[in-house]
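Asker: Sequence and predicted structure, then a few things I'm wondering about:
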Amino acid sequence: MTEQVITEQPSTDAGDAVDLSAAPDSVPEEGFRAGFVSFVGRPNVGKSTLTNALVGEKVAITSSKPQTTRRAIRGIVHADTGQLIIVDTPGIHRPRTLLGQRLNDLVSSTLSDVDVIAMCFPANEDIGPGDRFINEQLDSYPRAIKVAIVTKIDTVGRDHVGAQLLAVSELRDWATIIPISAIDDIQLDVVTRELIALMPVSQPLYGEDAVTDETDEDRIAELIREAALEGVSDELPHSLAVTIDEMNEREDKDLLEIHANLWVERDSQKGIIIGKGGSRLGDVGTRARGAIEILVGKPVYLNIRVKVAKEWQRDAKQLGRLGF
Ligand SMILES: Nc1nc2c(ncn2[C@@H]2O[C@H](COP(=O)(O)OP(=O)(O)OP(=O)(O)O)[C@@H](O)[C@H]2O)c(=O)[nH]1
């Protein structure tokens, strides 16, 4: 195994800390609703951006590269009328590798459990075979109420939005169809309200301050992966994985020490990630550290080692080790 190390020193300012409180066991208010929703749709349709916009904090990573969301991340939306727990899935697609197969299994088990499946269609792309394939798969989850969301309406004119709403309505008998823009904050309140209205009557499932039930360690690994994904070529995104070796709170000062591994599949990819004289990896470290400091609310020392795990996407043992 080969490796290259970069260390990142802490910066001085840090943002607000995130507090994950336990679910309260109070009696539900009259008519309060709470439940689970999953956004599905082709890669790049805006599922992660929508999740983050609804939750109001960065929980799912976003990227212009398709299929970069690999695990079910929950974001929690709090409203007076109820609570929405968003389960972000990696996306339904035809599996080509063992990783692809595992991701599809993860999607299936997630979708069997949720109360609502909201399928996303970008306003700026025609409905195609990929959308039809996913729409047909939704028949396998009869328990969930199906909702359609037309995303990115800021990118097209009104007529186009109307035409897309009509095309989407012809795919199935959706409980509702909502046009939105996550970037321009158009109709996000409607999404929250309508989705909560479709949830079962329930007491709150999470405490008021909770935004996600992912561990800090998982979120930190995702932030590093997101920083590493920025500006890399098309085939590399699927080859990247991050594991955390160690996280220590320093006793002598206010500092969180993180030792992480950034895994690639081939030696040639290692060179790309590291860049000339380590320049690219240096940028990745700086970006990741900034995002992590906002998450944990204190200065961070970040150490990233780039390691090669040959063809890990096709290797069951390696997949297990990388957390899939
Ligand atoms: N203009 C515009 N762009 C958007 C909007 N929502 C998302 N995008 C962009 O679309 C791209 C994909 O967004 P993501 O949220 O990562 O899409 P995703 O469906 O989660 O993608 P995967 O993780 O690959 O499944 C990003 O470049 C976003 O900035 C929107 O409302 N308006």
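Answerer: Arrived safely, thanks for sending. Residues are numbered from 1 along each chain as shown.

Asker: all strands of the stretch 1-150 of the chain, in order?
Answerer: Using DSSP state E, counting those that start in this stretch, the strands of the stretch 1-150 of the chain run over residues 3-8, 33-40, 73-79, 82-88, 116-122, 145-151.

Asker: Of all those strands, which one is nearest residue 297?
Answerer: Nearest to residue 297 among the strands of the stretch 1-150 of the chain is strand 3-8; the distance by Cβ to Cβ comes to 17.1 Å. Every C-beta, even on glycine, is put in place using the N, C-alpha and C of the backbone.

Asker: Using the three-state scheme, assign the residue lying farthest from the centre of the chain.
Answerer: In the chain, residue 252 marks the outermost C-alpha relative to the chain mean, sitting 34.9 Å out by Cα atoms, centre = their mean. When classified by DSSP: H, G, I helix; E, B strand; the rest coil, residue 252 comes out as coil.

Asker: and what of residue 183?
Answerer: What three-state DSSP gives for residue 183 is coil.

Asker: got a list of what it touches?
Answerer: 49, 53, 152, 154 (Cβ atoms under 8 Å, 6 or more residues apart in numbering).

Asker: And it, how close does it get to residue 139?
Answerer: Using Cβ to Cβ, to the nearest Å, we find residue 183 at a distance of 31 Å from residue 139.

Asker: before we move on, what about residue 224?
Answerer: Counting by Cβ to Cβ, the gap from residue 224 to residue 139 is 38 Å.

Asker: Settle it for me: which of the two has more neighbours?
Answerer: Between residue 224 and residue 139, counted using other Cβ atoms under 10 Å, the more crowded position is residue 224 (27 against 9).

Asker: Could you list the domains of this protein?
Answerer: 3-14+214-321, 33-197 (automatic domain parsing).

Asker: And these: which comes nearest the ligand?
Answerer: Proximity to the ligand, assessed across the domains of the chain by Cβ to the nearest ligand atom, is greatest for domain 33-197 (3.3 Å).

Asker: Quote the end-to-end distance of that closest one.
Answerer: Using Cα to Cα, to the nearest Å, the span of domain 33-197 from its first residue to its last is 7 Å.

Asker: cool, stretch 77-85 as well?
Answerer: 6 Å.

Asker: Buried residues, that stretch. List them.
Answerer: Along stretch 77-85, these residues count as buried under the neighbour rule (16 or more other Cβ atoms under 10 Å): 77-78, 82-85.

Asker: Show the low-confidence segments of the stretch 201-324 of the chain, by residue range.
Answerer: The model of the stretch 201-324 of the chain has pLDDT under 70 over residues 207-214, 233-237, 311-324.

Asker: after the longest helix along the chain, next one along is what?
Answerer: What stands out as the longest helix in the chain, according to DSSP state H, is helix 279-296. Going down the chain from helix 279-296, the next helix or strand is strand 300-308, by DSSP states H and E.

Asker: Just want the angle from that following strand to helix 279-296.
Answerer: Orientation check (axes from the mean of the first three to the mean of the last three Cα atoms, to 10 degrees): strand 300-308 against helix 279-296 gives 130 degrees.

Asker: Fine by me, thanks again.
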